[in-house]
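**Student:** Need a 3D model of the following:
(one chain, ligands or ions: 1)
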Amino acid sequence: MSIPFSGCVLGKDVPACPDCGRAYLHHKSVVAYSRDTEDGPGSRTYVTTGRVESCRVGAKAIDGRRDVCDIVFECEDCEGNKVLHILQHKGHTLLSWEV
Ligand SMILES: [Zn+2]
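**Tutor:** Take a look at the predicted model:
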């Protein structure tokens, strides 16, 4: 399920958990999709503690028309991964939570 980015708490720079609204998120991993050209195929790079993996992906495996970055968080106060989805599309950078 995709929900709009709900903003930050504790000032401007601490993201709120999309499920419980608290401020105790820890990032676990990052997945970056980088297109060779707009709407084209590209590369997927996964980074987590002690591990980096990269592979080629087709154009349909990447959202939007340009690059994507997914940051996977876990919350100290509730269950399940929360993914901050950062998408470049038609000149805009779009933020949403995938939960
Ligand atoms: Zn939470």
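
**Student:** So in the chain, which strand runs the longest?
**Tutor:** strand 25-35 (DSSP state E).

**Student:** Restricting to C-alpha, output that strand in PDB.
**Tutor:** Extracted in PDB, the C-alpha atoms of strand 25-35 (Å, rounded to 0.1, in the frame of the first residue of the first chain):
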ATOM      1  CA  LEU A  25      12.800   5.000  12.700                       C
ATOM      2  CA  HIS A  26      16.100   3.300  11.800                       C
ATOM      3  CA  HIS A  27      17.100   2.800   8.200                       C
ATOM      4  CA  LYS A  28      18.100  -0.800   7.400                       C
ATOM      5  CA  SER A  29      18.900  -0.800   3.700                       C
ATOM      6  CA  VAL A  30      18.700   1.300   0.500                       C
ATOM      7  CA  VAL A  31      17.700   0.300  -3.000                       C
ATOM      8  CA  ALA A  32      18.600   2.700  -5.800                       C
ATOM      9  CA  TYR A  33      17.300   2.400  -9.400                       C
ATOM     10  CA  SER A  34      19.300   4.400 -11.900                       C
ATOM     11  CA  ARG A  35      18.100   4.500 -15.500                       C
END
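
**Student:** which residues are contacting that strand?
**Tutor:** Strand 25-35 is contacted from outside by 15, 17, 41-49, 57, 59, 61-63, 65-76, 81-82, using Cβ atoms under 8 Å, 6 or more residues apart in numbering. In this view, the C-beta of every residue, glycine as well, is placed from N, C-alpha and C.

**Student:** Tell me the strands beside it, with direction?
**Tutor:** strand 42-48 (antiparallel), strand 68-75 (antiparallel) (DSSP bridges).

**Student:** Give me the residues contacting stretch 91-99.
**Tutor:** 1-6, 18-19, 64, 70, 80-88.

**Student:** could you pick out which of these are near the ion?
**Tutor:** Near the ion, taking Cβ under 5 Å from the ion as the test, the members of the contacts of stretch 91-99 found are Asp19.

**Student:** So which of the contacts of stretch 91-99 belong to strands?
**Tutor:** 2-4, 70, 82-88.

**Student:** and the protein, which residues reach the ion?
**Tutor:** Contacts of the chain with the ion, taken as Cβ under 5 Å from the ion, map to 17, 19-20, 75, 77-78.
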